[in-house]
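Chemist: Quick one: sequence and predicted model below, then my questions.
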Amino acid sequence: MPFVITDPCIGTKDAACVDVCPVDCIHPRKDEPEFATATILYIHPEECIDCGACVPACPVAAIYDSAESTPASQKALVEANAVYRAGEPDAVARAEAIVKSHIETHPDLIAVPPAERAAAHA
Ligand code: SF4
């Protein structure tokens, strides 16, 4: 089961996870055109090898080790990670639409600073 990036990444996009991922499955990278406009980073579910290296690298605890362990308030973002594909405009748009819907439906959570947002997940 692949790892999942959740909403503390919104407003963060630190990309330390990208630097430590051994299979380059976290996108967009800073050198990809989508990086500037992407709301969060995404883990490709079929390329992730479940090594766990990204979890301690993330400064805002945004990464969970499976869809099952992802908090209830973040479940929609499992699908966002699943559909994002770097360089594919339709897939990028679908993933971003899911994230933007999540933002609109969780204003209380998004109002919490990213570094504290993981603790606020329920
Ligand atoms: Fe990359 Fe490993 Fe994190 Fe999967 S668990 S996204 S392979 S660093």
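Modeler: Arrived safely, thanks for sending.
Chemist: what's the spacing between the helix or strand bottoming out on mean pLDDT in the chain and its chain's center?
Modeler: Every helix and strand in the chain was compared by mean pLDDT, DSSP states H and E; the lowest is helix 114-120, with a mean of 89. The chain centroid and the centroid of helix 114-120 are separated by 14 Å under CA atoms, centre = their mean, to the nearest Å.
Chemist: Just the buried positions in that helix, please.
Modeler: 114, 117-118, 120 (16 or more other CB atoms under 10 Å). For the C-beta atoms, the positions are set from N, CA and C on the backbone; glycine is no exception.
Chemist: same question, stretch 37-51
Modeler: 38-45, 48.
Chemist: Which members of those residues are the farthest-apart pair?
Modeler: Maximum pairwise distance among the buried residues of stretch 37-51 (CB to CB): 19.8 Å, between Thr39 and Cys48.
Chemist: hang on, the earlier thing: quick check, nearest of the buried residues of stretch 37-51 to Thr6?
Modeler: Set against Thr6, the nearest of the buried residues of stretch 37-51 by CB to CB is Ile40 (8.0 Å).
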